[in-house]
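**Student:** Here you go, sequence then predicted model.
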Amino acid sequence: MSWLLARRGREQECRECVAEVHQQSARLGTRLHEIWTIAALGELELALGNAAQAAEHFEHQLRALGELGITDVDLVPAPELVDAYLRLGRRRDAELLTAEFRAAAVAKGQPWSLARGLRCEGLLAGDDDLAAAFESALLEHAQTPDAFEEARTRLAYGERLRRARDRVLAREQLRLALETFERLDARPWAERARTELAATGERLRRRDPSTVDELTPQELQIALALASGRTTRETAAALFLSPKTIEYHLRHVYDKFGIHSREELARALEGVDAAVRSPQPAGG
C-alpha cells in the first residue's frame, strides 16, 4: 500500500503506512518487509522531484538487501537510483550501477528486469543510440503486465528524444506515458509527462470535467457548496453533517479531480448546473 500511495503522490498516507510497517517489522523481527517500505519512500521522493532524498532511500535499500543476503535483481532499485543519480549529475555512478544491474538482469533472463535495465542504458546512451535501447526495452515490457513500468520507460524515452531535438517522436512517447499515468492515477508522474509534453511545444487541453460524473450525490452536493464559497462549518450545518464528515468527503473529491485547493475545486465545477448548487439536507 505504501508503494502504491507513493506512486500516486499521496505523501502523508504513504509515510503513515511506512511508519506502521516499520513498527510491526521491529516487533515481529521481519526486516524483509522493510525493504518494500524503503523502496516506497524512494519512489515517493522521486515522484515528488526530490532526487537527493530519493537517492538516499534507494542507497539504503541496496545496503539493506546486502545485509539480508538478498541478490534477486527484481528487488534491486537500480533503475530508480540511476534516474536520481542523473538528475543529480552523478553520471559515473549511474553508469557503474547500470552495468552491474544489466549483467544481473541478463543472468536472470526475465523481461521485467531486462526492460528496466535497457531503460537505464537508454538514459545513458548518446543521441544516435538511445532509440535502440528504448525500443528493446519496450519489446520486453510487452511481455509483462506492468503498465506503470512501461509508462516510466516511455516517459524516459520521450524526455531523451526531446533533448535530442526530436520533438515529433518525443510527443508520441510522452502522450502514451501520460495516458497510462492518468489511468493509473499516478499523478506526480502524469504531471511530469505533461511538463515534458508542454516543453515539446504541444498545447495541452484542460482535462474534461467529466470527473463530476464520478462523484457520489453527497460528494457533489458538498463540493458545490464549498465551491460556492461556503465554509466547512456552514456546509456541515446546511447538510446536518459534522465538519469532519465534510472534510472526509472533500478529500475524496480532491482525489477524484486530482486537485488540492478550494480554488481548483471551483474551477473544476464551472459550468455545472447552478440548480444543484443550493445544498439540501443529506437525508431530505
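**Tutor:** Sure, I can see it.
**Student:** and Arg119, how many neighbours?
**Tutor:** Arg119 is flanked by 29 other residues according to other CB atoms under 10 Å. Yep, even glycine has a C-beta here, placed from its N, CA and C like the rest.
**Student:** what's the helix or strand containing it packed up against?
**Tutor:** Here Arg119, judged by DSSP states H and E, is contained in helix 111-124. Applying 3 or more CB pairs under 8 Å, 6 or more residues apart in numbering; DSSP states H and E, one finds that helix 111-124 contacts helix 78-87, helix 91-108, helix 130-141, helix 147-163.
**Student:** could you dump those to JSON lines with mean pLDDT?
**Tutor:** What follows is these, written out as JSON lines (pLDDT from 0 to 100):
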{"stretch": "helix 78-87", "mean pLDDT": "95"}
{"stretch": "helix 91-108", "mean pLDDT": "96"}
{"stretch": "helix 130-141", "mean pLDDT": "96"}
{"stretch": "helix 147-163", "mean pLDDT": "96"}
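**Student:** Turn those helices into TSV, including distance to Leu68 and mean neighbour count.
**Tutor:** Output for the helices and strands packed on helix 111-124, formatted as TSV (distance: least, CB to CB, whole Å; neighbours: other CB atoms under 10 Å):
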stretch	distance to Leu68	mean neighbour count
helix 78-87	17	23
helix 91-108	16	16
helix 130-141	27	19
helix 147-163	24	22
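**Student:** Identify the spatial nearest neighbour of Arg160, chain neighbours not counted.
**Tutor:** Computed as CB to CB, 6 or more residues apart in numbering, the closest residue to Arg160 that is not its neighbour in sequence is Leu130, at 5.0 Å.
**Student:** returning to that earlier point: take the helices and strands packed on helix 111-124 and lay them out in a markdown table including distance to Trp3.
**Tutor:** As requested, the helices and strands packed on helix 111-124 are exported to a markdown table (distance: least, CB to CB, whole Å):
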| stretch | distance to Trp3 |
| --- | --- |
| helix 78-87 | 12 |
| helix 91-108 | 19 |
| helix 130-141 | 19 |
| helix 147-163 | 10 |
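**Student:** Out of the ones you listed, flag the one nearest Leu184.
**Tutor:** For those, the distance to Leu184 is smallest for helix 147-163, at 5.9 Å, taking CB to CB.
**Student:** After the closest one, which helix or strand is next?
**Tutor:** helix 167-183.
**Student:** Show me the helices in the stretch 151-284 of the chain, by range?
**Tutor:** Per DSSP state H, counting those that start in this stretch, the stretch 151-284 of the chain carries helices over the ranges 167-183, 187-199, 217-227, 232-239, 243-257, 262-268.
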